[in-house]
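Trainee: predicted model follows, preceded by the sequence.
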Amino acid sequence: MRTLFRPVIGLMFGALFLAGCQTTSGSSSGIDIGPQLSSLVNKAMRIGQQPVSNTDPDRPKLDIVIPVFDPGLGEAGKEYETEGVWPELRRAEAIRFAYKLKSALEETSAFGAVRVTPDKTATGDFYVLGKIDESNGEDVEIDVQVFDITGKRWLTDSFDHEVSASFHKNYRNKGKDPYDPVFREAAEAIVEELSYHGTPELKNINRVTDLRFGANFIEQAFAEHLKVTDGTYTLASFPSDNDPMLVRTKAIRVRDQLFVDGLQDNYRSFAEKMNTSYAVWQEQSLLEIEAKSEANKKAAGEAVVGILLVGLAIAAVAAGADADNIGNSTAATTAGVVGAAAGAHFLSKSFQTNEESKVHRDALKELGESMDADLAPKVIAFEQQSVELTGTAKEQFAQWRNFLKTMYLQERTPGKQL
């Protein structure tokens, strides 16, 4: 009998040990379009550098383009459900996160216009490319890369924030987004990087922006001014301010900027429509994570009880089989059956407890799907320019660029008006 109990007791203590242990695993993040540098490496690279004074009246405030974030969904066919990722919600977040970073950068007053765009083909002095690594209501992490129009990489870093369990319980936080700190941190890092670059460099970037915009329509007209090496653009020369091609290019670019400015209303509308539902999702998701943690602890405890009772039942049946007395054997067998039933009940309850912890997940998945439908891009019509743009924001932007090229070519022809 003592021999039979040893494996059961060992199993019980093994189960208790496993239930009481907590395993912490770190998450690695990757960027699809370039090697990632840690913030420590970035800071080490700046040792010995001093910030450039921003009091220079000639120091330009350059424009930033923020393409809609990469939602971080990875390869096709991936089982997102097992990782707690909802594709529909992530696609909506890709728009929201870009707009949130735009707002954070605007608050710094360190740049000119900050615009969210459908993709990175838009024209700007700087490009901030973002990717969502994690967003579950409790933890948010984004990867950010910054390039200038010359193709030079300025910054590659990851930013994360953990939402406090008490955030939603604090009345002072009403109407606030618990993710705001991650966007402020990213904006501050970008501004810090900007502070290490002088006025001459920023002016050259602005000149390259004008030339690259024009080269998008007629490359040969600006080829002599730009040197391209491995995707990096260097300013070889710059046309005079009254050069007809440059003047025409700048006039067309103003129209392009007005179009992209109009898109900002759409992105702002997307973010505002998301606010209420997204705040509910953030709070419920955080509660779900907390509830799941508690449920797992409860389920683990119930499973241990079930394992112990089943083990005791097996031991009792075995003891009954060895008993000389028929009465004792029957009693032992009966005890074994009852014990087994009780153990099965607790194991079943453990399974039910885990299932109950997934209720929020199903509700949030449905919410993510509905938000994705609500945030479908709208048709944008530009009647003043005699053009109607339809489809997604990305499709409309491509149509707009084609229209601009037609307008540019027609304006080159004397006597013709668009």
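Mentor: It's in. All figures in this text were calculated on a predicted structure; none of them were measured in a lab.

Trainee: residue ranges in the stretch 151-300 of the chain under the pLDDT threshold?
Mentor: Low-confidence segments of the stretch 151-300 of the chain (pLDDT under 70): 293-300.

Trainee: all helices of it, in order?
Mentor: Ranges of helices within the stretch 151-300 of the chain are 180-194, 199-215, 219-222, 244-322, based on DSSP state H, counting those that start in this stretch.

Trainee: out of the ones you listed, flag the one nearest residue 61.
Mentor: Taking CB to CB, helix 199-215 is the member of the helices of the stretch 151-300 of the chain nearest to residue 61, at 8.7 Å. Bear in mind the C-beta positions are built from the backbone N, C-alpha and C, glycine included.

Trainee: now the strands for the stretch 101-250 of the chain?
Mentor: For the stretch 101-250 of the chain, the strands defined by DSSP state E, counting those that start in this stretch cover 114-117, 126-135, 139-148, 153-162, 226-229, 232-235.

Trainee: contacts for the last one?
Mentor: Which is strand 232-235. Here strand 232-235 makes contact (CB atoms under 8 Å, 6 or more residues apart in numbering) with 149-152, 204, 207-208, 211-212, 225-228.

Trainee: TSV for these, including neighbour count and distance to residue 116?
Mentor: Below are those laid out as TSV (neighbours: other CB atoms under 10 Å; distance: CB to CB, whole Å):
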residue	neighbour count	distance to residue 116
149	24	17
150	19	22
151	16	21
152	14	22
204	16	26
207	18	25
208	22	22
211	24	24
212	19	20
225	20	30
226	20	27
227	12	31
228	14	28
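
Trainee: what's the most distant pair in the residues you listed?
Mentor: Using CB to CB, the two most remote members of these are 152 and 225, lying 17.7 Å apart.

Trainee: show me how the protein divides into domains.
Mentor: Using automatic domain parsing, the domain parsing of the chain gives 35-290, 380-412.

Trainee: the helices of the stretch 151-300 of the chain: which one's closest to residue 390?
Mentor: Of these, nearest to residue 390 by CB to CB is helix 244-322, at 13.7 Å.

Trainee: picking up where we left off before, and among the strands of the stretch 101-250 of the chain, the most buried is which?
Mentor: Mean neighbours per residue, mean count of other CB atoms under 10 Å, is largest over the strands of the stretch 101-250 of the chain for strand 114-117, with a mean of 24.

Trainee: which strands border that strand, and is each parallel or antiparallel?
Mentor: Applying DSSP bridges to the sheet, strand 114-117 is found paired with strand 64-67 (parallel).

Trainee: give me the mean pLDDT for the strand it pairs with.
Mentor: Here strand 64-67 scores 96 as its mean pLDDT.

Trainee: what does it rub up against?
Mentor: The contact list for strand 64-67, computed with CB under 8 Å, 6+ apart, reads 98, 101-102, 105, 111-120, 122-130.

Trainee: circling back: including distance to residue 398, could the helices of the stretch 151-300 of the chain go into TSV?
Mentor: Converted to TSV, the helices of the stretch 151-300 of the chain look like this (distance: least, CB to CB, whole Å):
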stretch	distance to residue 398
helix 180-194	28
helix 199-215	16
helix 219-222	18
helix 244-322	12
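
Trainee: of the ones you listed, which is nearest residue 86?
Mentor: Judged by CB to CB, the one of the helices of the stretch 151-300 of the chain that comes nearest to residue 86 is helix 244-322, at 9.2 Å.

Trainee: got the end-to-end distance for stretch 110-130?
Mentor: End-to-end distance of stretch 110-130 (CA to CA, to the nearest Å): 19 Å.

Trainee: for residue 291, find the nearest of the strands of the stretch 101-250 of the chain.
Mentor: strand 139-148 (16.2 Å).

Trainee: I'd like the average pLDDT over the closest one.
Mentor: Strand 139-148 carries an average pLDDT of 97.

Trainee: direction included, what does it pair against?
Mentor: Partners of strand 139-148 in the sheet, by DSSP bridges, are strand 126-135 (antiparallel), strand 153-162 (antiparallel).

Trainee: now the angle from it to helix 199-215?
Mentor: Here strand 139-148 runs at an angle of 80 degrees relative to helix 199-215 (axes from the mean of the first three to the mean of the last three CA atoms, to 10 degrees).

Trainee: output strand 139-148 as CSV, restricted to C-alpha atoms.
Mentor: Below are the C-alpha coordinates for strand 139-148, written out as CSV (Å, rounded to 0.1, in the frame of the first residue of the first chain):
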residue,chain,number,x,y,z
ASP,A,139,1.1,45.6,-23.4
VAL,A,140,1.8,47.7,-26.5
GLU,A,141,5.0,47.7,-28.5
ILE,A,142,5.8,49.4,-31.8
ASP,A,143,8.9,49.3,-34.0
VAL,A,144,9.8,52.7,-35.6
GLN,A,145,12.2,53.6,-38.3
VAL,A,146,13.0,57.1,-39.5
PHE,A,147,14.5,57.9,-42.9
ASP,A,148,15.0,61.2,-44.7
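
Trainee: is it correct that residue 144 is in contact with residue 187?
Mentor: No: using CB atoms under 8 Å, residue 144 is not in contact with residue 187, being 9.6 Å away.

Trainee: hey, what's in contact with both of the two?
Mentor: Listed as contacting both residue 144 and residue 187 by CB under 8 Å, 6+ apart are residue 101.

Trainee: buried ones in stretch 273-282?
Mentor: 274, 277, 278, 279, 281, 282 (16 or more other CB atoms under 10 Å).

Trainee: how close does the third one get to residue 152?
Mentor: What that stands for is residue 278. Counting by CB to CB, to the nearest Å, the separation of residue 278 from residue 152 is 35 Å.

Trainee: the helix or strand where residue 97 lies packs against which elements?
Mentor: Residue 97 belongs to helix 87-108 when elements are defined using DSSP states H and E. Judged by 3 or more CB pairs under 8 Å, 6 or more residues apart in numbering; DSSP states H and E, the packing partners of helix 87-108 are strand 64-67, strand 114-117, strand 126-135, helix 180-194, helix 244-322, helix 359-374.

Trainee: one more pass at 6 Å, please.
Mentor: If you count contacts as 3 or more CB pairs under 6 Å, 6 or more residues apart in numbering; DSSP states H and E, helix 87-108 packs onto strand 64-67, strand 114-117, helix 180-194, helix 244-322, helix 359-374.

Trainee: what pairs with the host helix or strand of residue 388, parallel or antiparallel?
Mentor: Secondary structure assignment for residue 388, by DSSP H and E: strand 387-389. Using DSSP bridges, strand 387-389 pairs in its sheet with strand 380-382 (antiparallel).
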